[in-house]
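1. One predicted model, sequence on top.
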Amino acid sequence: MWRKLYFQNERFEQGIQRLLRSGIVQVSQGTGLIEPTGQSMDYNSNWLFFGNTTANRDCYLWHQIMFNHFDLVPEFCKMNCYKIVVKVRNFVEAIHLYNAMHTGPAVLADLTLIHGKVGIDERYYSDGFFNGFIYCNGLEDALEKYAAVSELVSANVDTSYAQSRGLPAEIPIIIKRSCTEFEQKYGATNNEFWSASTPDERDLQNHIEDIFVKQTVAAVQPDWLKNKIIAKMTKWANTVGDKSWIEYFGLDFLTMKAVTYHETSVPKDSATALTTPSKED
């Protein structure tokens, strides 16, 4: 009945203990499978999603569970996960990118199956305050989509604010492999580690997949949640000194304008009273 007794795999057993103690998952009474606690759409998200569901990906299981709790890079992440990164430089470019990717793929055959996200990138090791990601299945798929994404960005994203601050008109667009956190831990994605998964890694991944509920994340967010995320992006832009949002909305409704007194003229008698002790003193 048992392919292998789970407790014979020490790495698996230790990871399960860490995972269950974390409180982010629970064991379903109905199925006996492990599932996220309080499953819901992330209402505190930094990201606006576009395109279809995250086909062929279970990023919560792969990243938040397998990598964070088992130090495992899943086989798909290792071999087939590529991303086109549109390195938007301010709020306006991020919003225009979202609008372009949300509507543009309908008229570009290369992008009909596209999915991705754009929004706030708070990671201290990431380049830029905002970023856009388009997910691809393999390098060939990424190279095919790269040209179409570049065309869409060039035609639809206004870069005048960046140019007014001395930046190039062209937004940097790159192709990268897997998640940055994986590359941080295991080194550059062109080293030997990324050439294949070992039998032990595949065995551990099979064990985890056997007991965890599979999830497909939909890219569809309700309008009220999109508005909430855009408001968060606006506040973030103002926090990091990006004033492009003021040009976008046409009004600065966030920055507090304090009353200032440094140019006030002080009457001579008042100044004397402040510096000359009275007889009572």
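-> Received, thanks. Numbers count the residues shown, from 1 in each chain.
2. doesn't C77 make contact with Q205?
-> No: taking contacts as C-beta atoms under 8 Å, Q205 lies outside contact range of C77: 10.2 Å. Any C-beta I mention is one placed from the backbone N, CA and C, and that applies to glycine too.
3. So which residues of the stretch 101-250 of the chain form strands?
-> Shown for the stretch 101-250 of the chain, the strands assigned by DSSP state E, counting those that start in this stretch span residues 115-120, 130-137, 173-177.
4. The ones you listed: which one's closest to I230?
-> strand 115-120 (9.2 Å; C-beta to C-beta).
5. partners of the closest one in the sheet?
-> The strands beside strand 115-120 in its sheet (DSSP bridges) come out as strand 47-51 (antiparallel), strand 130-137 (antiparallel).
6. Save the ones you listed as TSV, and put in mean neighbour count, mean pLDDT and distance to G38 too.
-> Below are those laid out as TSV (neighbours: other C-beta atoms under 10 Å; pLDDT from 0 to 100; distance: least, C-beta to C-beta, whole Å):
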stretch	mean neighbour count	mean pLDDT	distance to G38
strand 47-51	23	90	19
strand 130-137	23	94	25
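7. Out of these, which gets nearest to Q221?
-> strand 47-51 (5.9 Å).
8. could you say which helix or strand contains F76?
-> helix 75-79 (DSSP states H and E).
9. and S22, what does it touch?
-> When contacts are counted by C-beta atoms under 8 Å, 6 or more residues apart in numbering, S22 touches H69.
10. Apply 6 Å and report the result again.
-> Counting by C-beta atoms under 6 Å, 6 or more residues apart in numbering, S22 makes contact with nothing.
11. quick revisit: in JSON lines: the strands paired with strand 115-120, plus distance to F91.
-> Formatted as JSON lines, these follow (distance: least, C-beta to C-beta, whole Å):
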{"stretch": "strand 47-51", "distance to F91": "12"}
{"stretch": "strand 130-137", "distance to F91": "7"}
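12. ok, back up a step: okay if I get the strands of the stretch 101-250 of the chain as CSV plus distance to T255?
-> Formatted as CSV, the strands of the stretch 101-250 of the chain follow (distance: least, C-beta to C-beta, whole Å):
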stretch, distance to T255
strand 115-120, 19
strand 130-137, 19
strand 173-177, 32
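13. To L72, which of these lies closest?
-> Within those, the stretch nearest L72 is strand 173-177; the backing value is 16.9 Å (C-beta to C-beta).
14. tell me the average confidence for that closest one?
-> Per-residue pLDDT over strand 173-177 has a mean of 97.
15. Pull out the buried residues from that strand.
-> Neighbour counts over strand 173-177 (16 or more other C-beta atoms under 10 Å) mark 173, 175, 177 as buried.
16. Any stretches of the stretch 101-250 of the chain with poor pLDDT?
-> Along the stretch 101-250 of the chain, the parts satisfying pLDDT under 70 run over 104-112, 216-219.
17. the helices in it, which residues?
-> Assigned by DSSP state H, counting those that start in this stretch, the helices in the stretch 101-250 of the chain fall at 139-156, 160-164, 180-186, 199-211, 223-239, 244-249.
18. for the ones you listed, which one ends up most surrounded?
-> Across the helices of the stretch 101-250 of the chain, averaging neighbours per residue (mean count of other C-beta atoms under 10 Å) puts helix 244-249 on top, at a mean of 18.
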